[in-house]
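[1] Any chance you can model this:
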Amino acid sequence: MRTAKAPAVPPSPRLPAASKSSASTSPDTPAKKMPQAKTEREKFVSRTLTTVFTALLIDILAFTVILPLFPRILRYYEAKDGSDPGSTYYVMMGWVRRFRVWIGGSGSHLDVVLFGGAVGWIFSFLQFVSSPIIGSLSDKYGRRTILLISMIGNGVSMILWSVSKSFEVFVLSRIVGGLTEGNVQMSMAMISDVTTPETRSKGMALVGVAFSLGFTLGPSLGAWFATKVDMQRWVPAWLPVNEYSGPALFALALIVVESVYMFVSLPETIDFKTRVFSDEVVGEKKKVQKKKSKQDVKGSNSTSRGNGAKPSQLTNLSVVHFVYLLLFSGMEFTLTFLTHDRFDFSHARQGMMLGYMGLLSALVQGGYVRRMAGRVVSEKTMAMQGMLACGAGFVVMGMSGGREWMLWIGATLQAFTSGTVVSCLTSLASMTGGEEVDGAGERGKVLGTFRAVGQLGRAMGPLVGCSLYWIVGSTVAYVGEGLAMVVVVAFVSVVVEQRREKSKSD
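    Purely as a prediction, here's the structure:
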């Protein structure tokens, strides 16, 4: 057998090419397939990332259409049901007013804002409940399948909103949406499926860019449709539409376009590595099994010594994610109060500030995170940078007094924060969800759990932030939250590991 490969031919300039050609036909040298596999892999990854980003951007646009309309929608139901003691609106508004009195707030305008926060809380809390379930189902049945099913729920939610003449139907639309929304976590899972540890943060930055652009454009589109499109003038009176059915139908159209686009263009990613690298996966599986067996022995030895197990990397990251979003979402919720109370911002000026923050965040995601994270700057370091910027931004805003230029400095720091922290934390969390070989392990479940804990923080943040704002005042609230964020940074520096999965080149 050795003579079959013997290079006994005299050396010549053409021999290496001939030798390579003959070697490619030998079963002992299958390396000639690798360039083709690599090309296939690159095309698949590029196609997947493009589709995921485009679909997620459409989804965020649909989701944010409603955001600027909440106050007017609630006033619409106030006029319809506010004087009916038997209505759901009347009962919920009673809870909100009691909470407002408890925190020391005054004025009916605060009732509307707090009520909007309560309705938003419903959505975030239900995401906390459903995200781990959706993630686990995607591990079992595939990302594409579960995502397309969840889009049906999103469509039903928008249909209910478009026909929500009663407040009860409107709340039902938010409940259905909160239970079925899965695009964000499925996008993160699919990006994790097709990227390596070295390129993970670059891929995750696309999620942040989609969020930044969506939150910049979506509210403006919602406000435009609410102003220009009144479905009550165009449809028969017996149809249960309201003056905000126009934005709802626009959001529904976006969901339909997104669903069709994903059905046609989105590939399944959960088995990506086994399909593209089928000739390598057997050897890699052996390495993974050997590594796991060593870890099991090591873990059993440490347990036998009587030492309690340390919190897992995922647990530490989830705690950080929860506290960070608790503080950050509280600031987001009270920022409009701050700009109104100190600087008498109009809705147009508030929109300009939010638009500035959204665009700057998108630039940070595309220009800094995608280029640097995981290669020049570690994900852990970049997340800490964002949290330090957040803490500094809180303090600057709190100490701004009547100096508007300080407010804009704080807004700039917060834009850097929103462009860095969640993407990097999510990238680190994705590396706890299974090996980079033979599928995706439990990555869907891991990212679902991680996102669920964050959504709980986002649900509680407005309540905590608003309570602090009205009980201790804006200066103490913002400076206190800034100092709390510094404590979070210290926690990250001590307990979070900059851990990487084994990639193909390791």
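[2] check contacts around the residue nearest to residue 404 when sequence neighbours are not counted.
    Distances taken as Cβ to Cβ, 6 or more residues apart in numbering put residue 343 closest to residue 404, at 5.6 Å, once the chain neighbours are dropped. (Glycine included, C-beta is placed from N, CA and C.) For residue 343, the contacting residues are 349, 402, 404, 407, by Cβ atoms under 8 Å, 6 or more residues apart in numbering.
[3] Which of those sits closest to residue 88?
    Closest approach to residue 88 among the contacts of residue 343 (Cβ to Cβ): residue 349, at 34.4 Å.
[4] Just the CA atoms of the helix or strand hosting that closest one, as CSV, please.
    Per DSSP states H and E, residue 349 falls inside helix 347-364. The C-alpha trace of helix 347-364 is given here as CSV (Å, rounded to 0.1, in the frame of the first residue of the first chain):
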residue,chain,number,x,y,z
HIS,A,347,-42.7,65.7,21.8
ALA,A,348,-40.7,66.7,18.7
ARG,A,349,-37.6,67.4,20.8
GLN,A,350,-38.0,64.2,22.7
GLY,A,351,-38.3,62.3,19.4
MET,A,352,-35.2,64.1,18.1
MET,A,353,-33.2,63.0,21.2
LEU,A,354,-34.4,59.4,20.9
GLY,A,355,-33.7,59.3,17.2
TYR,A,356,-30.2,60.6,17.8
MET,A,357,-29.6,57.9,20.4
GLY,A,358,-30.9,55.2,18.1
LEU,A,359,-28.8,56.3,15.1
LEU,A,360,-25.6,56.6,17.2
SER,A,361,-26.3,53.2,18.7
ALA,A,362,-26.5,51.7,15.3
LEU,A,363,-23.2,53.3,14.3
VAL,A,364,-21.6,51.9,17.4
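[5] Show me which residues of it are buried.
    350, 351, 353, 354, 357, 358, 360, 361, 362, 364 (16 or more other Cβ atoms under 10 Å).
[6] just those now: which is nearest residue 147?
    Out of the buried residues of helix 347-364, the member with the shortest distance to residue 147 (by Cβ to Cβ) is residue 362, at 23.5 Å.
[7] State the helix or strand in which the closest residue to that closest one other than its chain neighbours lies.
    Residue nearest to residue 362 in three dimensions, not counting chain neighbours: residue 212, with 3.6 Å by Cβ to Cβ, 6+ apart. When elements are assigned from DSSP H and E, residue 212 belongs to helix 200-228.
[8] What's the mean pLDDT across stretch 386-396?
    Averaged over stretch 386-396, pLDDT sits at 96.
[9] Could you list the residues in contact with that stretch?
    324, 327-328, 331, 406, 409-414, 416-421, 424, 478-479, 481-486, 488-489, 492.
[10] for the stretch 401-506 of the chain, what are the low-confidence residue spans?
    433-441, 498-506 (pLDDT under 70).
[11] go with 80
    The model of the stretch 401-506 of the chain has pLDDT under 80 over residues 432-443, 498-506.
[12] Let me see the ranges of the helices in it.
    Remark: helices assigned in the stretch 401-506 of the chain by DSSP state H, counting those that start in this stretch are 404-430, 443-472, 474-495.
[13] among those helices, which is nearest residue 59?
    Nearest to residue 59, of the helices of the stretch 401-506 of the chain and by Cβ to Cβ, is helix 443-472 at 14.5 Å.
[14] helices or strands up against that closest one?
    Using 3 or more Cβ pairs under 8 Å, 6 or more residues apart in numbering; DSSP states H and E, the elements in contact with helix 443-472 are helix 108-141, helix 183-194, helix 313-343, helix 404-430, helix 474-495.
[15] one more time with 10 Å, if that's ok
    helix 88-102, helix 108-141, helix 143-162, helix 183-194, helix 313-343, helix 404-430, helix 474-495 (3 or more Cβ pairs under 10 Å, 6 or more residues apart in numbering; DSSP states H and E).
[16] closest to residue 72 out of the ones you listed?
    helix 108-141 (9.3 Å).
[17] Would you mind confirming that residue 172 is in contact with residue 157?
    Yes - assessed by Cβ atoms under 10 Å, residue 172 is found in contact with residue 157 at 8.7 Å.
[18] Please say which of these two ends up with more neighbours.
    For residue 172 and residue 157, the more surrounded residue by other Cβ atoms under 10 Å is residue 157, and the numbers stand at 26 against 16.
[19] Which of the helices or strands spans the spatially closest residue to the more buried one that is not a sequence neighbour?
    Nearest in space to residue 157, with sequence neighbours left out and distances taken as Cβ to Cβ, 6+ apart, is residue 177 at 3.6 Å. Under the criterion of DSSP H and E, residue 177 resides in helix 167-180.
[20] Pull out the buried residues from that helix.
    167, 170, 171, 172, 173, 174, 176, 177, 178, 179, 180.
[21] swap in stretch 399-419?
    Residues 400, 406-419 are the ones in stretch 399-419 that count as buried (16+ other Cβ under 10 Å).
[22] again with stretch 207-220
    207-219.
[23] now do stretch 388-401
    Of all the residues in stretch 388-401, those buried under the rule 16+ other Cβ under 10 Å are 388, 389, 390, 391, 392, 393, 394, 395, 396, 397, 398, 400.
[24] if I've got this straight, the second one is in a strand?
    So the one you mean is residue 389. No - assessed with DSSP: H, G, I helix; E, B strand; the rest coil, residue 389 is helix; it does not lie in a strand.
[25] where's it relative to residue 477, distance?
    In this view, residue 389 and residue 477 are 19 Å apart by Cβ to Cβ, to the nearest Å.
[26] Residue 452 and residue 325 touch, don't they?
    No - Residue 452 is beyond contact range of residue 325, at 11.5 Å (criterion: Cβ under 10 Å).
[27] Residue 375 - how many residues pack around it?
    11.
[28] Show the model's pLDDT score for it.
    82.
[29] Likewise for residue 24?
    42.
[30] List the residues that contact residue 141.
    Each residue near residue 141 by Cβ atoms under 10 Å, 6 or more residues apart in numbering is listed here: 149, 270, 444.
[31] Quick one: residues contacting the last one.
    To tie it back to what came earlier, the one meant is residue 444. By Cβ under 10 Å, 6+ apart, the neighbours of residue 444 are 131-132, 134-143, 146, 182, 185-186, 188-190, 192-193, 270, 433-434.
[32] ok, of these, which come out buried?
    131-132, 134-139, 142-143, 146, 182, 185-186, 188-190, 192-193, 270, 433-434.
[33] And the residue nearest to residue 214 when sequence neighbours are not counted, which helix or strand is it part of?
    Spatial nearest neighbour of residue 214, excluding adjacent residues (Cβ to Cβ, 6+ apart): residue 60 at 2.7 Å. Here residue 60 sits within helix 34-64, counting by DSSP H and E.
[34] ok, and for that helix, which residues are buried?
    41, 44-45, 48-49, 51-64.
[35] do stretch 329-343 as well
    Neighbour-count burial for stretch 329-343 [16+ other Cβ under 10 Å]: 329, 330, 331, 332, 333, 334, 335, 337, 338, 339, 342, 343.
[36] Closest one to residue 465 out of those residues, please.
    Out of the buried residues of stretch 329-343, the member with the shortest distance to residue 465 (by Cβ to Cβ) is residue 330, at 2.2 Å.
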